[in-house]
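# Here is the input, now give the coordinates:
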Amino acid sequence: IVGSVFIKVPRTNVPGSQLGSNSNTWRKEKRRKKPAQIQTMSPEALPLRAFTYKEIEKVTDGFREELGSGASGIVYKGQLEDEFGTGIAVKKIDKMLQESEKEFAIEVQTIGRTFHRNLVRLLGFCAEGKERLLVYELMTNGSLNGFLFCGTSPTWNLRVQVALGVARGLLYLHEECNTQIIHCDIKPQNILLDENLVAKISDFGLAKLLRTNQTQTNTGIRGTRGYVAPEWFKNIGITSKVDIYSFGVILLEIVCCRRNVELETADEEQAILTYWANDCYRSGRLDLLIKGDEEAIFNIKKVERFVAVALWCLQEEPTMRPTMLKVTQMLDGSVTIPTPPDPSSFISSLQ
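Next comes the predicted model:
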């Protein structure tokens, strides 16, 4: 399978009370009150520590242990010399081009002013000469990528909690912090797990802040292949709906414990999870997605709910996708989920 194919989605005749009778868009929900555990902290309330480069060299033992790498730099393991011996992850941004300087500024200004159970906390930074480093709390259980795809599949109940945690983190970024934040690169490698396997969204280096009087923003193509929303490839503004598309992909991966793209699979129809899941949903054979997973099969109704939510998130037309508030409500069963439109009966918009 070469290239990307985007499916045309119908814009009318969508069943369900959640959709307006004369519109294909999800009704805008009233902003709900913030739960007690969610806070937006000012720099004064949660000050970031300014480290010297020598301090960071010391706490990382000369950048000895690499935890991973990304587009903007390498991440190293370290330990603060405080009374708790706090574990840290230090992202070292090596190439200080104009773009990476901009990303550094975004990370410091954004993460430093936010606090949520499902966001990785930024503890400090270093801006010394040409050096740019970010100091985060250490997530001891690695990424969702390793959690789902490397070794024994995690239990169904644990996967459900991870999915809900990611959803709550995105809800906070989109609707509950002072300035809306679009992550732009939601993928399993950017979902980390702490010592209690609580999911936390990391890496805001690609985040794009929306000012109060804006509804969309224009930027270069961001994100990771397999998780990128179709509008990235069109000359239109980018909204928070790009994150919702990416979440839809991740939600299916969590349900099925497999990657979205597996080109080496024997059955070509199963190579792209988003397409295969849609086929299984339409044919009433969701059991094929969770074959051998006894816990998930026992909870087939919740599996059906999660897959339906994912298919709504994956609509090609951004306005057809629900908001993260609606997503969280559908996931926890507090609202009815209308049947998502079937894209497979429409001609591809890209040949």
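# Now do stretch 282-289: everything it contacts.
Stretch 282-289 has contacts (C-beta atoms under 8 Å, 6 or more residues apart in numbering) with Val255, Cys256, Trp276, Ala277, Cys280, Ile297, Ile300, Val303, Glu304, Val307, Asp342, Ser344. (C-beta placed from N, C-alpha, C; glycine too.)
# domains in this protein, as residue ranges please.
Annotated domains of the chain cover 49-137, 144-345 [automatic domain parsing].
# any idea which of those scores lowest on pLDDT?
Lowest mean pLDDT within the domains of the chain: domain 49-137, a mean of 84.
# what about that domain, distance to the chain center?
Distance of domain 49-137 from the chain centroid (C-alpha atoms, centre = their mean, to the nearest Å) equals 20 Å.
# what about that domain, start to end distance?
12 Å (C-alpha to C-alpha, to the nearest Å).
# got the residue ranges for the strands in the stretch 51-200 of the chain?
For the stretch 51-200 of the chain, applying DSSP state E, counting those that start in this stretch gives strands covering 66-69, 74-79, 87-93, 122-128, 131-137, 181-182, 191-193, 199-201.
# May I have the strands that pair with the second one, each with its orientation?
It refers to strand 74-79. Strand pairing for strand 74-79, using DSSP bridges, gives strand 66-69 (antiparallel), strand 87-93 (antiparallel).
# so which of those strands is the most packed in?
Using mean count of other C-beta atoms under 10 Å, the stretch among the strands paired with strand 74-79 with the largest mean neighbour count is strand 87-93, at a mean of 21.
# any chance of the strands of the stretch 51-200 of the chain in a markdown table, with distance to Ile250 too?
Below are the strands of the stretch 51-200 of the chain laid out as a markdown table (distance: least, C-beta to C-beta, whole Å):
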| stretch | distance to Ile250 |
| --- | --- |
| strand 66-69 | 18 |
| strand 74-79 | 20 |
| strand 87-93 | 21 |
| strand 122-128 | 22 |
| strand 131-137 | 21 |
| strand 181-182 | 16 |
| strand 191-193 | 7 |
| strand 199-201 | 10 |
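# Which among the strands paired with strand 74-79 is found nearest to Asp293?
strand 66-69 (28.2 Å; C-beta to C-beta).
# Can you tell me what sits against that closest one?
Where contact means C-beta under 8 Å, 6+ apart, the residues beyond strand 66-69 that reach it are Ile74, Val75, Tyr76, Lys77, Ala89, Ser143, Gln189.
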